[in-house]
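Asks: generate a structure from the sequence data that follows.
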Amino acid sequence: MILSDNETKVDLLNSEAIAQTIVKLIRERPERPITIGVHGDWGAGKSSVLEMIEAGLEPDKEIVLCIKFNGWRFQGFEDAKIALIEGIVSELIDKKSLWSKAKDEVIEIYERMDWLKAAKKAGGFLLTAFTGIPSPEVIGTFMSGLQAFADDPFKFATPENAKNLVEQANSILKPKEAGKNVPKEISEFRKSFDKLLKAAGIEQLVVLVDDLDRCLPDTAIETLEAIRLFIFTGKTAFVIAADEGMIEYAVRKHFPDFPDTSLNQTYTRNYLEKLIQVPFKIPILGETETKIYVTLLLVGAEIGECDEFNTLINIARERLRKPWENLPLDSVTIKTALGEKATKVKNALALSDQVGPILASGMKGNPRQIKRFLNTLLLRHLTAEARGFGSSINLPEMAKLMIAERFIPHLFEQVAVSAAQSSNGICKELGLLEALTQQATAENAPVQSIESNQKSFPKKKEKENQDNLQFDNILPLEWAASDIIKEWAKIKPSLANVDLRPYLFVAREKKDFFGTSSSLGHLTLLIDKLFGGRYAVQTLEPDIKALSERDALRIFEEMRSRILSNSNFDKEPEGIIGLTLVIKSHPELQDKLIELLESLPAQKLGPWVIKGWDGVVSGEAARRFDKLVSTWASSGSPFLKAASLNAQKVKRTN
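Replies: Residues are numbered from 1 along each chain as shown. Now for the predicted structure:
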């Protein structure tokens, strides 16, 4: 049971209300040009709204021509602007069979389009500002393009007609056409397009533009600029589905020299507002809407499209009309709608009740993110079943753990490490967290401080056990001081007495909590940070210095294993900066460092290994390093040899 992420005409979100409003707006004055924006975050359902608009225009298909244009599919083409213009014109001619009905109008519009393409190829309409006379490059490109058109005629024309088109286009060289310039040609293009619409006998042309916010900035801007050609052309309506923020970003990238001030933000906003006359913002899903959406998704995945499911959708739509009344799809309603098929969806209903409320806030009401979460959940359960331990996993428990993994990753890491270390897979800190949360809820007051609760926990004993005791006893109090973690802890069911190992095993696509590093406990998180960037690693110096010798050695050994797992040593591997900090903070590990350097494959080593050890190794370890450099100077890779020889020369000079 996997949920499809494609756009759909089946309305599970009550988005049809938006689509119907747009269709009504388009059709109420068909002679008026209009540009409408359908805005929303990535995955909000913009493409589905366009599908519903197309379906809403279907009854008028004899007099309304609806064309879809996906800007993302033209990503990487030479000119997205021309692609949009050609796409609109070609589909109009094709669908209305205009070559046989309006040959002259077709020839004229293609002549205008080829002129625009030729000017574009010559450098973006590089015409003389004063005379408006096309440059020789424009003329040559234009004529060669038309000649190629004649040699390989498009599907609407015969070779004879195409050659006639070339002869007509030769007039560009005549004095009477010498006054052509960009504004005039754009005006003439619009007039030619008007003639074509009239010849087609359609009342209105509707163009649905999708996935514009997925395009690179230049492609997005070129598409918008092409749309501007049609803004003042009667009988045309554009519906542009795009995230406003992404388009504003594209505008800023397109004009990089514009000052990065509030004026810049105002300009980018005005650019979009001048292009789009009527904006529609897709609202995010609230809690009730999310629960209904999740229920419909899961029920539909279980039983597929059928009369019973359509009945349930209609009931859901009625309740979505007034979401403030908080009327979800309860079990009685679902059983009544589905009849005998209701027995197949028990798990779907339980899962909907479990994850609906938290997905409403955690996913910010985003349908695509909700689908992805549910698909990951279902795939992990299928994986567990295929591996033979599906009975050890319950979907509600896995959903709650995944919510922490998705929204509170540091909590998930801490819970996972604790459970992996435990002999029975139980994270005992979760029991303490839930107890503290329940106590705070009963008293109607949050846990305000760690200090006020420390008396009920054992004190720290020896230095080498300090971190483990902190992890065992302090973390639940720190968790209880976080509002988001407390809200997570309240979600049913409880995980306090659940063996989490099966759940962590199927989550291994991100991290293995059962490998060698699992025995490191809380040190695992510190090791992960030591593989970060230089500045991030530098902030860890106090934590590294506070480590016991035993823990410092454990960290070194784990970092050594990770570094040696690399197959490419011509560049500095991740973790070297962190390893350097560990050695500087714990000089007793210098010999271990030299052993690591000696184990690296000299023939594959880059020059990075020569530098960065000043102040890190000293005494006997420094002498061993100098000897190693001498070995590299004679038997290392070419770059390592050169770097080693240079390092020896510098040292002799000093």
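Asks: list the buried ones in the helix or strand hosting Glu248?
Replies: Using DSSP states H and E, Glu248 sits in helix 244-254. Neighbour-count burial for helix 244-254, counted by 16 or more other C-beta atoms under 10 Å, picks out Glu244, Met246, Ile247, Glu248, Ala250, Val251, Arg252, His254. For the C-beta atoms, the positions are set from N, CA and C on the backbone; glycine is no exception.
Asks: wasn't Thr35 part of a strand?
Replies: Yes - counting by DSSP: H, G, I helix; E, B strand; the rest coil, Thr35 falls inside a strand.
Asks: show me what it is bridged to.
Replies: Thr35 has these beta-bridge partners by DSSP bridges: Phe238.
Asks: touching, it and Gln277? I think so.
Replies: Yes - counting by C-beta atoms under 8 Å, Thr35 does reach Gln277; the two are 5.2 Å apart.
Asks: ok, the two, which is more surrounded?
Replies: Set Thr35 next to Gln277 and count neighbours by other C-beta atoms under 10 Å: Thr35 wins out with 22 against 15.
Asks: please state the offset of stretch 313-333 from the chain centre?
Replies: Chain-centre distance of stretch 313-333: 31 Å, with C-alpha atoms, centre = their mean, to the nearest Å.
Asks: output it as CSV, nothing but the C-alphas.
Replies: This file holds the C-alpha atoms of stretch 313-333, laid out as CSV (Å, rounded to 0.1, in the frame of the first residue of the first chain):
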residue,chain,number,x,y,z
ILE,A,313,-15.3,11.4,-0.2
ASN,A,314,-18.6,13.2,-0.6
ILE,A,315,-19.2,13.0,3.1
ALA,A,316,-15.7,14.3,3.8
ARG,A,317,-16.3,17.3,1.4
GLU,A,318,-19.4,18.2,3.3
ARG,A,319,-17.5,18.2,6.6
LEU,A,320,-14.6,20.1,5.1
ARG,A,321,-17.0,22.9,4.1
LYS,A,322,-17.0,23.9,7.8
PRO,A,323,-13.7,22.7,9.3
TRP,A,324,-14.1,24.9,12.3
GLU,A,325,-16.8,22.6,13.5
ASN,A,326,-14.2,19.9,14.0
LEU,A,327,-16.2,17.0,12.6
PRO,A,328,-13.7,14.3,11.5
LEU,A,329,-14.6,11.1,9.8
ASP,A,330,-15.6,8.9,12.8
SER,A,331,-15.8,5.1,12.7
VAL,A,332,-19.6,5.1,12.5
THR,A,333,-19.7,7.4,9.5
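Asks: buried stuff in it?
Replies: Ile313, Ile315, Ala316, Arg317, Arg319, Leu320, Pro323, Leu327, Pro328, Leu329.
Asks: ok, now how distant is the second one from Glu62?
Replies: Note on Ile315: its distance to Glu62, by C-beta to C-beta, to the nearest Å, is 34 Å.
Asks: got it, and the first one?
Replies: Separation of Ile313 from Glu62 (C-beta to C-beta): 29 Å.
Asks: how about the fourth one?
Replies: When distances are taken as C-beta to C-beta, Arg317 and Glu62 turn out to be 29 Å apart.
Asks: what about Cys306, neighbour count?
Replies: Neighbourhood size, Cys306 [other C-beta under 10 Å]: 12.
Asks: who are the contact partners of it?
Replies: Contacts for Cys306 (C-beta atoms under 8 Å, 6 or more residues apart in numbering) come out as Lys341.
Asks: what is the mean pLDDT for the longest helix along the chain?
Replies: In the chain, assigned by DSSP state H, the helix with the most residues is helix 367-387. Throughout helix 367-387, pLDDT has a mean value of 85.
Asks: so which elements touch it?
Replies: Under the contact criterion of 3 or more C-beta pairs under 8 Å, 6 or more residues apart in numbering; DSSP states H and E, helix 367-387 touches helix 287-303, helix 346-362, helix 395-407.
Asks: domains of this protein?
Replies: Structurally, the chain divides into domains by automatic domain parsing as follows: 16-96+202-281, 519-653.
Asks: so which of the ones you listed is the most packed in?
Replies: Compared across those, domain 16-96+202-281 shows the largest average neighbour count, a mean of 18 (mean count of other C-beta atoms under 10 Å).
Asks: give me the distance from that domain to the chain's centre.
Replies: Distance, centroid of domain 16-96+202-281 to centroid of chain: 21 Å (C-alpha atoms, centre = their mean).
Asks: what's the first-to-last distance across that domain?
Replies: 13 Å (C-alpha to C-alpha, to the nearest Å).
Asks: got any ranges where the stretch 251-400 of the chain has weak pLDDT?
Replies: 257-268, 357-358, 360-365 (pLDDT under 70).
Asks: looks to me like Trp59 is in a strand.
Replies: No, residue 59 isn't Trp; it's Pro. No - counting by three-state DSSP, Pro59 is not part of a strand but helix.
Asks: use 57 as the first number for this chain going forward.
Replies: Understood, numbering begins at 57; the last thing we discussed is Pro115.
Asks: what's near enough to touch it?
Replies: Contacts of Pro115 by C-beta under 8 Å, 6+ apart: none found.
Asks: please apply the same query to the one 10 residues further on.
Replies: Under the criterion of C-beta under 8 Å, 6+ apart, the neighbours of Phe125 are Leu140, Gly143, Ile144, Val263, Leu264, Val265, Asp266, Thr279.
Asks: pLDDT averaged over the helix or strand where Ile138 lies - what is it?
Replies: For Ile138, the host element (DSSP H and E) is helix 136-151. Mean per-residue pLDDT for helix 136-151: 76.
Asks: helix or strand right after the helix or strand bottoming out on mean pLDDT in the chain?
Replies: In the chain, no helix or strand scores lower on mean pLDDT, DSSP states H and E than helix 522-529, which sits at a mean of 40. Going down the chain from helix 522-529, the next helix or strand is helix 531-536, by DSSP H and E.
Asks: what helices and strands are in contact with whichever helix or strand comes after that next one?
Replies: Sequence order places helix 539-546 as the next helix or strand after helix 531-536, per DSSP H and E. Applying 3+ C-beta pairs under 8 Å, 6+ apart, we find helix 539-546 packed against helix 451-463, helix 484-498, helix 531-536.
Asks: at 10 Å instead, please
Replies: Counting contacts by 3 or more C-beta pairs under 10 Å, 6 or more residues apart in numbering; DSSP states H and E, helix 539-546 packs against helix 402-418, helix 451-463, helix 465-477, helix 484-498, helix 531-536.
Asks: figure out which of these is closest to Leu435.
Replies: Among the helices and strands packed on helix 539-546, helix 451-463 comes nearest to Leu435, with 11.0 Å by C-beta to C-beta.
Asks: a strand runs through Ala393, doesn't it?
Replies: No - read with three-state DSSP, Ala393 is helix and lies in no strand.
Asks: okay, and the spatially closest residue to it that is not a sequence neighbour sits in which element?
Replies: Among residues not flanking Ala393 along the chain, Leu368 sits closest, at 4.2 Å (C-beta to C-beta, 6 or more residues apart in numbering). Element membership for Leu368, per DSSP H and E: helix 363-376.
Asks: what residues does stretch 250-258 touch?
Replies: 86, 116-121, 145, 148-149, 151-154, 157-162, 164-165, 259-261, 289-292 (C-beta atoms under 10 Å, 6 or more residues apart in numbering).
Asks: repeat the analysis, applying 8 Å as the threshold.
Replies: Residues contacting stretch 250-258 (C-beta under 8 Å, 6+ apart): 119-121, 145, 148-149, 152, 154, 157-158, 161-162, 164-165, 261, 289-292.
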